[in-house]
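**Q** sequence first, then the predicted structure, then my questions.
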There are 2 protein chains.
Amino acid sequence: MKIAVLGAGAMGGLFASYLCRHNDVTLVSRHEEQADLISKEGFTVLEKDGTKEIFHPHALVSTKDMEPQDLVILFVKSMANESVLAANRSLLGPDTYLCTLQNGSGHEEVLRKFVPEDHIILGTTQHNASTKARNITRHGGSGMTHLGCVTGDASRLQKFADCFTSCGLAADVSDRVQEMIWNKMFTNISASALTGALQVPLGYIVKDPYAWSLCCQLIGEAVDVAAALGMHFDKKEKILEVKTVCENAPDGLTSIYVDLKNGRKTEVDTITGSVVRAGEKTGVPTPGHSFLLKLIHAMEGRSRENS
Amino acid sequence: MKIAVLGAGAMGGLFASYLCRHNDVTLVSRHEEQADLISKEGFTVLEKDGTKEIFHPHALVSTKDMEPQDLVILFVKSMANESVLAANRSLLGPDTYLCTLQNGSGHEEVLRKFVPEDHIILGTTQHNASTKARNITRHGGSGMTHLGCVTGDASRLQKFADCFTSCGLAADVSDRVQEMIWNKMFTNISASALTGALQVPLGYIVKDPYAWSLCCQLIGEAVDVAAALGMHFDKKEKILEVKTVCENAPDGLTSIYVDLKNGRKTEVDTITGSVVRAGEKTGVPTPGHSFLLKLIHAMEGRSRENS
């Protein structure tokens, strides 16, 4: 299968590496220097058990001379989806499937500007990875990758799931992938977003009664929006899950926290923003998410101001 | 008239000084050292025109041997009202009037625990002052002081207004003092509260489109709550006023900003909190104020955490 992975961060590198075991894989980086490094030295995956393996996907900065791929996977920060897809349009032909496993929801809004809706693959993955060097990723945890689609029967995606599985990335297809995406999103839209606004580690969210009250409000609003979209989550159960995440990683710093601290734009638009947009679509009020979304954008603006 | 001023900050010192021109005034400080300094050297008011005058109010830390006063004026931070009144109960007899000119609204909720409702004086003042030293205040600006009451006819307070006026603090009585209090509160409950949450100067609120959108939302909610309380403000007009305040003092740092920066408790409960409580009482939704109130309390908690 001809596969292009857009974004050569920790996760993009991991997926490109594993998938090139049995496929013709191109890893697309923003940085010439990184692409050269990967071309020369390959991409190294450090496993939890101490083993390591070096992979050799093609590595490129510009794809404008390439032909359409069978599968294009997005692993850039979600706010870059539109510009990255525009820059790599040559990869997208009439038969190309375009896949996102990114956090947040609603990515299909952007993706459908580039491929027909029935060629969009939405998914979630339990793999996680962190960058050790520009061509070295630490593979922190493994698990299932679920693939699904916006319209139609997910079973037609079985060949992609098989392709993933045969390369060591266990995958299946599901008609309930939106529910899986939302299910995974509750911590991000509540505790993670708040750690950004408050500039605190995860544990603070359960320790401070005011932060925890806001966190529960955000979970409650999202459960209501999800219900209006036809997905049924139990408020108490989700609250308990988020609580457990915070308690298990009290010193954890979320990406929204880190991005704000470093004066970078955050992924809040595809996290909190996706709840706000779904609320608007379904007529369910999301006053907490709406306030928080603007607040975090205003915090991003402070560094626009200083720069 | 026997007058006690509780709180020897910039404003307490200013009012105690002016009022002791024709009255028997006691200025109550939290700090033995400050009370001793004022007793020895007096309290100095530096005027804008460069002149200065030294006043000699009594200065004390403990009032437990004092007799009830004709008038007690609160000039502590509003979150200290209850504890300070409890500590100075001896000053409050059956005929004592208890007056607040503090920012925010709803102070009467606490004051009525100490004197009958018809002995509460609510007011606003256009004077402002800043601390230069523990017994020196800079008198930054002058203007009217309006006095009013919670119940009954404000005209019975004329003797207090005359007393203020004769000492150089032009005052009148008004049956619309609640409206004046709310009118003065719009900048505090919108731009000031946001500068705290965002840790930015006032000018940023009008410059950043997300911050400004939140600011307008907060003003809008407060206008709706005020309307339910029988006070009519024009949304567009109030928005324009707040905009002008921000534009005229772009580098201004609000007390909520400074208190949060220094890890101190803020006055947010009598500012944003008073809108939330009035909203609950009248059934008017205040989702923005409710979120912001908890967020600022959660920010206060970060320093509880670190200490």
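**A** It's in.

**Q** near chain B, which residues of the stretch 101-250 of chain A show up?
**A** A:194, A:197-200, A:204, A:207-211, A:213-214, A:217 (CB under 8 Å from any CB of the partner chain). For the C-beta atoms, the positions are set from N, CA and C on the backbone; glycine is no exception.

**Q** just the buried ones among the residues you listed, please.
**A** By neighbour count, with 16 or more other CB atoms under 10 Å in any protein chain shown, these hold A:194, A:197, A:198, A:199, A:200, A:204, A:207, A:208, A:210, A:211, A:214, A:217 as buried.

**Q** possible to save the residues you listed as JSON lines with secondary structure and pLDDT?
**A** JSON lines is the format used below for those (DSSP: H, G, I helix; E, B strand; the rest coil; pLDDT from 0 to 100):
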{"residue": "A:194", "secondary structure": "helix", "pLDDT": "98"}
{"residue": "A:197", "secondary structure": "helix", "pLDDT": "98"}
{"residue": "A:198", "secondary structure": "helix", "pLDDT": "98"}
{"residue": "A:199", "secondary structure": "coil", "pLDDT": "97"}
{"residue": "A:200", "secondary structure": "coil", "pLDDT": "97"}
{"residue": "A:204", "secondary structure": "helix", "pLDDT": "98"}
{"residue": "A:207", "secondary structure": "helix", "pLDDT": "97"}
{"residue": "A:208", "secondary structure": "coil", "pLDDT": "98"}
{"residue": "A:210", "secondary structure": "helix", "pLDDT": "98"}
{"residue": "A:211", "secondary structure": "helix", "pLDDT": "98"}
{"residue": "A:214", "secondary structure": "helix", "pLDDT": "98"}
{"residue": "A:217", "secondary structure": "helix", "pLDDT": "98"}
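
**Q** which one of the residues you listed sits closest to residue B:128?
**A** Nearest to residue B:128 among those: residue A:210, at 30.6 Å, using CB to CB.

**Q** tell me the pLDDT of residue A:262.
**A** With respect to pLDDT, residue A:262 scores 95.

**Q** what's the neighbour count on it?
**A** 8 (other CB atoms under 10 Å in any protein chain shown).

**Q** ramachandran coordinates for it?
**A** In terms of degrees, to the nearest 10, the main-chain angles of residue A:262 are phi -90, psi 10.

**Q** now residue A:153
**A** According to degrees, to the nearest 10, residue A:153 has phi -90, psi 130.

**Q** which residues does it contact?
**A** Contact partners of residue A:153, counting by CB atoms under 8 Å, 6 or more residues apart in numbering or on different chains, are residue A:175.

**Q** returning to what we had before: farthest pair in the buried ones among the residues of the stretch 101-250 of chain A next to chain B?
**A** The distance between the two most remote of these (CB to CB) is 19.5 Å, for A:199 and A:217.

**Q** contacting residues around the residue of chain A found nearest chain B?
**A** Per CB to the nearest CB, the residue of chain A with the smallest distance to chain B is residue A:287, at 3.3 Å. Residues near residue A:287 by CB under 8 Å, 6+ apart: A:221, B:285, B:287, B:288, B:291.

**Q** pLDDT score assigned to it?
**A** Listed pLDDT for residue A:287 reads 98.

**Q** also residue A:306?
**A** 57.

**Q** residues in contact with the one residue sitting closest to the centre of chain A?
**A** For chain A, the residue nearest the mean C-alpha position is residue A:102 (1.7 Å; CA atoms, centre = their mean). Each residue near residue A:102 by CB under 8 Å, 6+ apart is listed here: A:74, A:75, A:78, A:81, A:270.

**Q** confirm that residue A:172 sits in a strand.
**A** Yes. The assignment for residue A:172 (DSSP: H, G, I helix; E, B strand; the rest coil) places it in a strand.

**Q** and for it, the neighbour number?
**A** Residue A:172: 17 surrounding residues under other CB under 10 Å.

**Q** contacting residues around it?
**A** With CB under 8 Å, 6+ apart, residue A:172 has these contacts: A:144, A:145, A:146, A:147, A:161.

**Q** element containing the third one?
**A** Right, the one you point to is residue A:146. Following DSSP states H and E, one finds residue A:146 within strand A:145-149.

**Q** could you pull out the strands in the stretch 51-200 of chain A for me?
**A** Secondary structure of the stretch 51-200 of chain A by DSSP state E, counting those that start in this stretch: the strands cover A:52-55, A:58-60, A:71-74, A:97-100, A:120-125, A:128-133, A:136-141, A:145-149, A:171-173.

**Q** can you name the residues bridging to the closest residue in space to residue A:165 that isn't next to it in sequence?
**A** Leaving aside its chain neighbours, residue A:165 sits nearest to residue A:171 (5.3 Å; criterion: CB to CB, 6 or more residues apart in numbering or on different chains). For residue A:171, the beta-bridge partners under DSSP bridges are residue A:145.

**Q** wouldn't residue A:171 be in contact with residue A:145 here?
**A** Yes. Contact criterion CB atoms under 8 Å: residue A:171 and residue A:145 qualify, at 4.1 Å.

**Q** please identify every residue contacting each of those two.
**A** Shared contacts of residue A:171 and residue A:145, counting by CB under 8 Å, 6+ apart, come down to A:123, A:161, A:164.

**Q** count the neighbours of the last one for me.
**A** So the one you mean is residue A:164. The number of residues packed near residue A:164 is 25, by other CB under 10 Å.

**Q** just the one 5 residues further on next, same as before
**A** Other residues lying near residue A:169 total 20 when counted by other CB under 10 Å.

**Q** check residue A:303 too.
**A** Neighbour tally, residue A:303, other CB under 10 Å: 15.

**Q** quick check: residue A:53 vs residue A:3, distance?
**A** 18 Å (CB to CB, to the nearest Å).

**Q** among the two, which residue is more densely surrounded?
**A** residue A:3 (25 against 15).

**Q** chain center to the one helix or strand that one maps to, what's the gap?
**A** Here residue A:3 is covered by strand A:2-6, with elements defined by DSSP H and E. Relative to its parent chain, strand A:2-6 has a centroid offset of 16 Å by CA atoms, centre = their mean, to the nearest Å.

**Q** this completes my enquiry, with thanks.
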